[in-house]
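K.L.:
Starting from these lines, generate the structure:
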Amino acid sequence: MSENKLHIILALCLLCSSCVEPYEPVLEESQDVLVISGMITDSPGRHEVKVSLSSPYSFPAFQGVEHCLVNVSDQDGNMIHYSDEGNGVYSANVPDSFLEVGDAVSLYVLTPDRGEYRSSYDTILPCAEIDSLYWEFQYMETPDPDKSRPGIQFYLDMSGSTSDSRNMIWRVNETWEYWASLFGNKVMLDFHHTVDYISSDIYKCWKSFPLDHIYTGSTRNLSSNELRGVALNSVSNETDRLRVTYSLYVQQQSLSLGAYDYWLRMNDQAAESGGLYGKQPASVPGNLFAVDESEGEVLGFFYACQVKEKRIYVHNNNYFDFYIPHIDCEYESLGNIWGQETIDYPVYIYVPGPFKPSFTGPAECFDCRLQGGDTIRPIPWETWP
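P.N.:
Residues are numbered from 1 along each chain as shown. Have a look, this model is predicted:
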């Protein structure tokens with residue numbers, strides 16, 4: 001190939017690459033489709049329903065619909081009314097006597113513009129027992145195929161009778177305890193005002209979150225109603241969650257076949273879009289419908305279930321043989337702050353004793369709340385033995 005031809009080919013390649021534009025999918029979706037979601041169990045206590053409008057794919061956001069009339073009725077006409085908490089959230093304190101296994105329930109929603117929506121009846125099926133919840137040490141994959149991270153993987157075993165539901169989902173919450181790095185015994189509120197203050201009150205914190213994923217399982221194609229080694233979430237040493245005490249709380253819910261198929265499709269969509277609890281409601285068809293067909297499409301699902309639950313604690317009694325990060329802090333001389341143009345009060349101080357120099361450090365090193373958690377100890381909670 002001649003040198004001139006080579007230059008022409010290279011020039012054409014550069015021209016083509018400069019004309020490439022990002023592909024934006026064209027989605028035929030309405031921006032005002034009503035989305036209703038919720039569930040109810042045979043357990044007493046607070047239950048929740050959410051009513052919202054869908055939003056464009058390119059600008060996902062939760063758009064709650066307020067001032068709706070929301071209630072749930074059983075097959076005998078007994079009814080529970082839900083209160084408007086604002087931003088599209090409706091709740092009811094369900095009494096112990098309202099529902100039992102075998103009851104069927106339906107949701108009714110009346111919107112402010114007089115649109116009426118119902119769910120098909122869903123029946124509460126008996127739920128199998130959770131036999132055990134446990135964890136194993138594992139190395140976990142990372143975006144870099146040549147690297148892995150140490151951590152722990154949680155698993156679940158369950159078994160049920162022939163009368164228990166064959167379809168289940170597991171909803172998981174995680175909670176962990178973490179500590180500040182430095183301890184103080186005085187606090188400076190302003191330049192002229194220093195008081196005794198024991199920072200142990202802000203030394204221990206907890207964070208708690210529902211996992212952005214649900215886990216589905218079915219035994220309808222198995223000879224026995226049991227599952228072993230159901231993989232739940234994993235926790236690596238990328239964060240400090242395993243540094244003190246970590247707890248996993250699992251709810252196992254019995255599902256009708258229709259509810260199971262819905263959540264199975266929801267999980268598939270979440271895997272493609274990056275999360276189950278994103279701001280944009282999912283477009284998976286559910287069991288809700290408009291009483292007047294002229295009202296148009298409605299999305300979401302309302303289901304009934306029985307719940308079995310289990311919690312596990314993982315205490316880091318120095319038996320993890322891998323590094324777990326912690327906020328990096330060191331005491332520094334109190335005199336260092338006087339040369340700064342501005343001082344962020346309060347200033348936490350450690351005074352080791354009479355006639356000894358005082359030390360300070362960044363506020364987040366003394367106050368665990370500044371790392372995003374709070375000092376309210378969860379109930380129940382197990383600390384280190």
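K.L.:
How about the contacts made by residue 47?
P.N.:
38-41, 91-94 (CB atoms under 8 Å, 6 or more residues apart in numbering). C-beta: built from backbone N, CA, C; applies to glycine.
K.L.:
do the same with residue 327
P.N.:
By CB under 8 Å, 6+ apart, the contact list for residue 327 reads 180-181, 240, 364-365, 371.
K.L.:
who wins for neighbours among these?
P.N.:
Within the contacts of residue 327, most neighbours by other CB atoms under 10 Å means residue 180, with 26 neighbours.
K.L.:
Share the number of residues neighbouring residue 85, please.
P.N.:
Burial measure for residue 85: 13 neighbouring residues, criterion other CB under 10 Å.
K.L.:
hang on, it packs against residue 91?
P.N.:
Yes - the pair residue 85 and residue 91 passes the contact test of CB atoms under 8 Å, sitting 5.6 Å apart.
K.L.:
about what we covered before: narrow the contacts of residue 47 to just the buried residues.
P.N.:
Among the contacts of residue 47, those classed as buried by 16 or more other CB atoms under 10 Å are 38-41, 91-92, 94.
K.L.:
any idea of the pLDDT on the residue nearest to residue 43 when sequence neighbours are not counted?
P.N.:
Distance criterion CB to CB, 6 or more residues apart in numbering; nearest residue to residue 43, sequence neighbours excluded, is residue 307 at 6.1 Å. Residue 307 is assigned 96 on the pLDDT scale.
K.L.:
try residue 170
P.N.:
97.
K.L.:
Am I right that residue 262 falls within a strand?
P.N.:
No - Residue 262 sits outside any strand when classified using DSSP: H, G, I helix; E, B strand; the rest coil, being helix.
K.L.:
What's opposite the closest residue to it other than its chain neighbours in the beta bridge?
P.N.:
Excluding its sequence neighbours, the residue lying closest to residue 262 (CB to CB, 6+ apart) is residue 301, at 4.9 Å. Taking DSSP bridges as the rule, residue 301 bridges to residue 37.
K.L.:
which ones are touching residue 301?
P.N.:
Shown in contact with residue 301 (CB under 8 Å, 6+ apart): 37, 119, 259, 262-263, 286-288.
K.L.:
do that again at 10 Å, thanks
P.N.:
By CB atoms under 10 Å, 6 or more residues apart in numbering, the residues touching residue 301 are 35-39, 107, 119-120, 122, 258-259, 262-263, 266, 282, 284-288.
K.L.:
Tell me which of the residues you listed fall in helices.
P.N.:
Counting by DSSP state H, these place 258-259, 262-263, 266 in helices.
K.L.:
ok so, going back, in a markdown table: the contacts of residue 327, plus secondary structure, distance to residue 49 and pLDDT.
P.N.:
Listed next are those as a markdown table, based on DSSP: H, G, I helix; E, B strand; the rest coil; distance: CB to CB, whole Å; pLDDT from 0 to 100:
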| residue | secondary structure | distance to residue 49 | pLDDT |
| --- | --- | --- | --- |
| 180 | coil | 39 | 94 |
| 181 | coil | 43 | 94 |
| 240 | coil | 36 | 93 |
| 364 | helix | 38 | 94 |
| 365 | helix | 43 | 95 |
| 371 | helix | 33 | 93 |
